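J.: 3D, please:
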Amino acid sequence: MQQAGALNVGAAREREGSPALLAATAVVAILSVLALLVWGTPPAAAETGAQVVGWFREHRDAARWWTWILTVAMPPAAIMFALLRRLLPAPHSDVFLIGAISYLVALSVQAWIWGGLALHADQLEPAIARTVLDIGVLFGPVLTGATTTMIAPVTLLALRGRAGLPMWLGLLGAVAFGEQAVETITIFGSTGFTQPGGAMNLQLGAGLTLAWMVAFGVWGGTKGRTLPPAT
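T.: So this is what the prediction gives:
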């Protein structure tokens, strides 16, 4: 009996953490930071069509590299989200996964738009470039729906001390969720900090969301325990 108990304790310890999750999180973090650095300060809602054309002609390679980085980041991001989902009980895990999938789909659509505009940057016409980019800059405001869907269930569990999630993750999630909820106002913005595609979307919001995802992934990769599937 003692030997069986010791084996069970050893098995429980082996289930703590996940090298695969930790590795996927590290790759996602590195690629995300690289993408933000490559992207720089792209045109937002306030720029004229001529300014949009000028930016894409000057930063054509940067836009295409950004598209490539997002493309290669999809598999490790999918692995990270799938493994994180296993740390959550139902229905929280399902809500989290819906948000995560929506997040990846939105990134894909955004990559199509920016990669497409960069493909023939020397032939862009100002009015067309501005119209197409108007669709692209709404990526940030609408993405808040996906991010809040991801963050909310994890934050609620952590603040309630459930699923073994730490309180600090809940507090960080509350800050990130609050910012993303406020960031929905960028849907109505037109200039400045709150314009679609502006600093609130691409710097403050993106930075907080990325910090939360990486923190969740690192905790899950080092301390998280996989929960049995719901019956």
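J.: tell me how many other residues crowd the closest residue to G17 other than its chain neighbours.
T.: In space, and not counting its chain neighbours, G17 is closest to T222: 4.9 Å by Cβ to Cβ, 6 or more residues apart in numbering. C-beta coordinates here come from the backbone N, C-alpha and C atoms, glycine included. Neighbours of T222 under the rule other Cβ atoms under 10 Å: 14.
J.: and the helix or strand I151 falls within, what does it pack onto?
T.: Here I151 sits within helix 139-159, counting by DSSP states H and E. Contact analysis of helix 139-159 by 3 or more Cβ pairs under 8 Å, 6 or more residues apart in numbering; DSSP states H and E lists helix 92-119, helix 167-183, helix 206-222 as its packing neighbours.
J.: immediately after the helix or strand of the chain with the lowest mean pLDDT, which helix or strand?
T.: Averaged element by element with mean pLDDT, DSSP states H and E, the chain has its least confident helix or strand at helix 2-14 (a mean of 42). Note on helix 2-14: by DSSP H and E, the next helix or strand toward the C-terminus is helix 19-39.
J.: what's in contact with that next one?
T.: 62-63, 65-66, 69-70, 72-73, 76-77, 79-80, 83-84, 202, 206, 210, 213-214, 217-218, 220-222, 224 (Cβ atoms under 8 Å, 6 or more residues apart in numbering).
J.: shouldn't P89 be within a helix?
T.: No: when DSSP: H, G, I helix; E, B strand; the rest coil is applied, P89 is found to be coil, with no helix at that position.
J.: numbering from 60 from now on, please.
T.: Okay, residue one is now 60; in that scheme the one you just asked about reads as P148.
J.: count the residues that sit near it.
T.: Neighbours of P148 (other Cβ under 10 Å): 14.
J.: that one and G280: what is the separation?
T.: 19 Å (Cβ to Cβ, to the nearest Å).
J.: check G248 too.
T.: 37 Å.
J.: just R119 next, same as before
T.: 37 Å.
J.: and the two? Which one has more around it.
T.: Higher neighbour count among R119 and G280: G280, with 21 against 17, using other Cβ under 10 Å.
J.: excluding covalently adjacent residues, which one is nearest to the more buried one?
T.: G280 sits nearest to L81 (Cβ to Cβ, 6+ apart), 3.0 Å away.
J.: and that neighbour, how far is that from A274?
T.: For L81, the distance to A274 - Cβ to Cβ - is 12 Å.
J.: and for G264?
T.: From G264 to A274 the distance is 16 Å (Cβ to Cβ).
J.: just for the protein, where's the confidence low?
T.: 60-74, 287-290 (pLDDT under 70).
J.: mind running it again at 80?
T.: 60-75, 286-290 (pLDDT under 80).
J.: enumerate every residue touching R116.
T.: Here R116 is in contact with 180-181, 183 (criterion: Cβ under 8 Å, 6+ apart).
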